[in-house]
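Asker: the following comprises the amino acid sequence and a computationally predicted model.
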Amino acid sequence: MTTTWRELGYLTPELVVLLGAAAVLLLDLFLPRGRRRVLGGVALVPLGVALGWVLRALWAQSGGPSQLHKVFGALLLRDPYSLGFDVVFLVAAILGVLLSLRYVEREALPAGEYYALTLFAVFGMMMMAMSAELITLFISYEILSLAVYVLAGIARGRAVSAEASLKYFLLGAFASGFLVYGIALVYGATGTTVLYDPLGQSASTISGLILERGLFGNALLLAGLALLVVGIAFKAAIVPFHAWVPDVYEGAPLPVTAFMSAGVKAAAFAAFARLLFGGFRNLGEVWQPVLWVLAVLTMVLGNAAAIRQQNVKRMLAYSSIAHAGYLLVALAAYTARDVAIGSVLYYALTYTAMGVGAFAILLVVGQEGEANQELSDYRGLASRHPWAAAAMGLFMISLAGFPLTAGFLGKFYILNAALRADLDGLAVVLGLASVVSWYYYLRVVWFMYMTEVPKAAVRPISRATSLGVAVAVAALLVIALGVFPSTALAVAQMAGHTLLPLGY
Amino acid sequence: MLKEYFPILLMLVLAIGFGVTMIFLSSLAGRKTATATKTAPYECGSLPVGSARLRFDVKFYVVAILFILFDVEAVLLWPWAVLQAQQLKLTGLVEAAVFVGILLLGYLYALRKGALEWE
Amino acid sequence: MTEWILFVVLSVIAIGSAVMMLVGRNPVHCALWLVLTFFCVAGFFLTLGAPFLAAVQIIVYTGAIMILFLFVVMLVNPEREGEPAVPASHRRAGLTLAAVLLVVMVGAITTRSGLGAIPTEPGGVTLRQVGTALLTEWMLPFELTSVLLLVAMIGAIVLARRRIE
Amino acid sequence: MVPTVAYLAVSAVLFTLGVVGVLVRRNALIIFMSIELMLNAVNVSLVSFARQHGHATGQVFVLLILAVAAAEVAVGLAIILSVFRHRDTVDVDHVNLMKW
């Protein structure tokens, strides 16, 4: 049962991020006050190294058969699925840190703790994507949650930030209570908490025992599954568990909101897919309709709320709920699972790029702070700052899902999965929701390009290099994923196949 | 299995019983005339000023959380201590070393950030 | 037979003190009612043959967590007791939702939970068995818990500190 | 020998009381205590399942959940304190928690 040193080798990206967090913390303790600026850069190093390792591992597998390793005795699974999601988390974290370099200084946030907690949050996400067992999943979920609760409330100067983290904390702890009760009931019904074994070696897994003992009608198991879905649906901000999103996203510091909207959502969906497609795949007929309903609700309510917003940051918050709905459509396409899982991973990556990019522009226009986030502040931005307006235009169009952009391809693959699983109703709702989203995304573009602004009201924007780099990286990623998606798509498809056990 | 704990239950019942009966008997015996001065909270004869519940300082809270977190650490290390002698060869040692090492980082952090200072 | 008596007594006290905690006006009283519930839960662990967990429950939950609660309650609003009345509609919604949850859960558990007979008189899982499982089979969650405690320590200190260096 | 179902029923009742506490009460501290009550209810059902299945996994989970609960309390009360410093109140409806 104990793991050999070679097995630990498979955990290098996670260990690098963990050691990075410890290094940032130690540096913060022994650095003189003035030299705290270097901490942001130090935080980027482990993220870059981990991303390099993950991409190299994915590249090595792209040609031949995909390798799949069980670590710590089937508690963790190192497979292209977890590597794919690691790319999403690390990209979100790198962009998040780039966004916060100037912000942390300007708002005098505690730099050491800020970057250490960001790295711990990424560590939690990566472990969540890898865990094939409920207790490991729960503790990684808690590491991520605690780190993000504190990050949401770290701007102690602002009352709204403290309230945001209180609301987020109370609802989060409430949801993790449900998650734990779900785990207890599933453990009670089956006697094990290991979700599934892709290599098909051990029979005592939840998916195996459901078949073996015919636990289809077992009340404990169904109640446990329902509670697990509630617990994870809260973290993915799926309606009706989305109450916390607008206030927390608006209250939390901007770089934390960007990192949260991309990373935490992707981690929740990574765990959700492994839980449903891996552990409870034999109960597909039970949870698939529930997901169908939740997907419709999330898309409709998310878009409906986003339309009414005049504040761009709050509009992005509500629209992130809608994007969770699009991801849910892919999960609901259970019968076409080999395509569906790939589309979840691909969309998570595209949403990270365009979402965090949009938040970066919010920082650029807001002079690295929380200033001028109202729609009117973007009036005539194109004439004054063409580059910033062009980048924001690209992100808005991609978020809306216009052809030739990454957002369009992401939605296209989800639609493809939904249609192959003959969920035509859901596909129509997704189409309509996207059309609705065109309105509030393109309204920003309209304000930037079509409306003129008197010379007097010209506001300077931030020229910070770190923000420039973040915007450039996000824009390049969106264009790359939009124009030649073949490599990213191949990884997504490979991830899809390996999540499902062999001969399945 | 519960028979071993019967003495503890007995002692608990006796202790609580003894205390309650004493209070009950004394309230029965004495003659009670409740005048305003007699029912006022006793503060060495001087008149009580303001509410009896004063506001605590944050430093009590910080020490209390450090106590909880290291208390949980000790509890988790308890099974390890029981088993390390016989069973867990090297892996047990490395495991506990990593566990304590990570929390040592936390202790160092608390120390350097002055959380333990009691000014 | 004695186990049944003990179980019923503990359940009544546990549920009673939990209800008292919910309706209590003064946070300090609620905290003390919760302490009583935790003692009953420790009693459950004893009857279920988990002596180590009973001791840990009392030491950590009652001994440390409730003390922290009382510190914070004293820190927060010692003068003002209670809180504004809860709007009736909101209270009704909460109660009906909870009643539905209760009916579903207890109904599910008692009818089709497919739990067979209890194995022979359980000698209770000894500390050695729990320890071996924790340190070998569940080595990874054990290490992840230390990372979790570290994150909690950093978070609590960074939020609770008065002067921002 | 008290059957597992009896313990599960008690833990379901305690869990529901915790849910009621979170949904109905206004004071953040009472809500937080209700969440701790919910976690305790889960611990009771976990230990009764461990006895039912006869192996130690359930009790290991209770130990780990205890550590998670302690970490949650530490961070939660720190957040409540930081809200208290700004608002001088911990009433949740002021923080409009349940605004859907």
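Answerer: It's in.
Asker: residue ranges in chain C under the pLDDT threshold?
Answerer: Applying pLDDT under 70 to chain C flags the ranges C:77-87, C:111-124, C:162-165.
Asker: what residues does chain B put near chain A?
Answerer: With Cβ under 8 Å from any Cβ of the partner chain as the criterion, chain B meets chain A at residues B:Thr91, B:Ile102, B:Leu105, B:Leu108, B:Tyr109, B:Arg112, B:Lys113. For the C-beta atoms, the positions are set from N, CA and C on the backbone; glycine is no exception.
Asker: and the least confident of the residues you listed?
Answerer: Least confident entry in the residues of chain B next to chain A, by pLDDT: B:Thr91, with 81.
Asker: related to what we said a few turns ago, top of the residues of chain B next to chain A by neighbour count?
Answerer: B:Tyr109 (23 neighbours; other Cβ atoms under 10 Å in any protein chain shown).
Asker: hang on, that one packs against C:Ile154?
Answerer: Yes. Between B:Tyr109 and C:Ile154 there is a contact at 6.3 Å, judged by Cβ atoms under 8 Å.
Asker: now for the two: what residues contact both?
Answerer: When contacts are counted by Cβ atoms under 8 Å, 6 or more residues apart in numbering or on different chains, the set common to B:Tyr109 and C:Ile154 consists of A:Leu25.
Asker: buried residues, the helix or strand harbouring A:Ser383. List them.
Answerer: Element membership of A:Ser383, judged by DSSP states H and E, is helix A:381-384. Across helix A:381-384, burial judged by 16 or more other Cβ atoms under 10 Å in any protein chain shown covers A:Leu381, A:Ala382, A:Arg384.
Asker: how near is the last one to A:Thr136?
Answerer: Read that as A:Arg384. 51 Å (Cβ to Cβ, to the nearest Å).
Asker: one more: the first one?
Answerer: The gap separating A:Leu381 from A:Thr136 is 47 Å, by Cβ to Cβ.
Asker: domains of chain C?
Answerer: Domains of chain C are assigned by automatic domain parsing as C:1-80, C:123-165.
Asker: could you export those as CSV, including distance to chain B?
Answerer: As requested, the domains of chain C are arranged in CSV below (distance: least, Cβ to the nearest Cβ, whole Å):
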stretch, distance to chain B
domain C:1-80, 4
domain C:123-165, 3
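Asker: which of these sits closest to chain A?
Answerer: Chain A sits nearest to domain C:123-165 of all the domains of chain C, at 3.5 Å, using Cβ to the nearest Cβ.
Asker: any residue of the closest one touching chain A?
Answerer: Yes. Against chain A, domain C:123-165 shows contacts by Cβ under 8 Å from any Cβ at C:136-141, C:144-145, C:147-148, C:150-152, C:154-155, C:158-159, C:164-165.
Asker: which strands and helices sit next to the host helix or strand of A:Ala360?
Answerer: In this structure, A:Ala360 sits in helix A:337-365 according to DSSP H and E. The contact analysis (3 or more Cβ pairs under 8 Å, 6 or more residues apart in numbering or on different chains; DSSP states H and E) places helix A:337-365 against helix A:80-106, helix A:254-259, helix A:265-273, helix A:312-332, helix A:386-400, helix A:406-420, helix A:465-483, helix A:486-499.
Asker: mean confidence score for that helix?
Answerer: Here helix A:337-365 scores 88 as its mean pLDDT.
Asker: would you mark the buried spots in that helix?
Answerer: For helix A:337-365, a neighbour-count test (16+ other Cβ under 10 Å) marks A:337, A:339-365 as buried.
Asker: so it versus helix A:386-400, what angle?
Answerer: Angle, helix A:337-365 to helix A:386-400, by axes from the mean of the first three to the mean of the last three Cα atoms, to 10 degrees: 150 degrees.
Asker: re earlier: for the helix holding A:Ser383, packing partners?
Answerer: Using 3+ Cβ pairs under 8 Å, 6+ apart as the test, helix A:381-384 ends up in contact with helix A:386-400, helix A:424-449.
Asker: the first one vs helix A:465-483, what angle?
Answerer: Looking back up the chat, that one is helix A:386-400. Interaxial angle of helix A:386-400 relative to helix A:465-483 (the same axes, to 10 degrees): 40 degrees.
Asker: how about the CA coordinates for helix A:386-400, as CSV?
Answerer: Extracted C-alpha coordinates of helix A:386-400, given in CSV (Å, rounded to 0.1, in the frame of the first residue of the first chain):
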residue,chain,number,x,y,z
PRO,A,386,-6.9,51.4,-29.0
TRP,A,387,-4.9,48.4,-27.7
ALA,A,388,-6.8,48.1,-24.4
ALA,A,389,-10.1,48.4,-26.3
ALA,A,390,-9.0,45.8,-28.9
ALA,A,391,-8.1,43.3,-26.2
MET,A,392,-11.3,43.8,-24.4
GLY,A,393,-13.2,43.5,-27.6
LEU,A,394,-11.5,40.2,-28.4
PHE,A,395,-12.4,38.9,-24.9
MET,A,396,-16.0,40.1,-25.1
ILE,A,397,-16.5,38.6,-28.5
SER,A,398,-14.9,35.3,-27.4
LEU,A,399,-17.0,35.2,-24.2
ALA,A,400,-20.1,35.8,-26.4
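Asker: average pLDDT for that helix?
Answerer: pLDDT averaged over helix A:386-400 gives 87.
Asker: with stretch B:43-63 instead?
Answerer: Confidence over stretch B:43-63 (mean pLDDT, whole number) is 70.
Asker: how long is it end to end?
Answerer: End-to-end distance of stretch B:43-63 (Cα to Cα, to the nearest Å): 29 Å.
Asker: report the closest residue of chain B relative to chain A.
Answerer: B:Arg112 (4.2 Å).
Asker: pLDDT below threshold where in chain A?
Answerer: Across chain A, the ranges flagged by pLDDT under 70 are A:1-4, A:63-64, A:200-203, A:368-369, A:453-459, A:500-504.
Asker: and it, which of its residues are near chain D?
Answerer: Residues of chain A lying close to chain D (Cβ under 8 Å from any Cβ) are A:135, A:138-139, A:142, A:146, A:149-150, A:153, A:156, A:159, A:162-163, A:165-167, A:169-171, A:173-174, A:176-177, A:180-181, A:183-185, A:187-188, A:191-193, A:240, A:243, A:247.
Asker: just the buried subset of those residues, please.
Answerer: By neighbour count, with 16+ other Cβ under 10 Å, the residues of chain A next to chain D hold A:135, A:138-139, A:142, A:146, A:149-150, A:153, A:156, A:159, A:162-163, A:165-167, A:169-171, A:173-174, A:176-177, A:180-181, A:183-185, A:187-188, A:191-193, A:243, A:247 as buried.
Asker: point out where chain D drops to low pLDDT.
Answerer: D:87-100.
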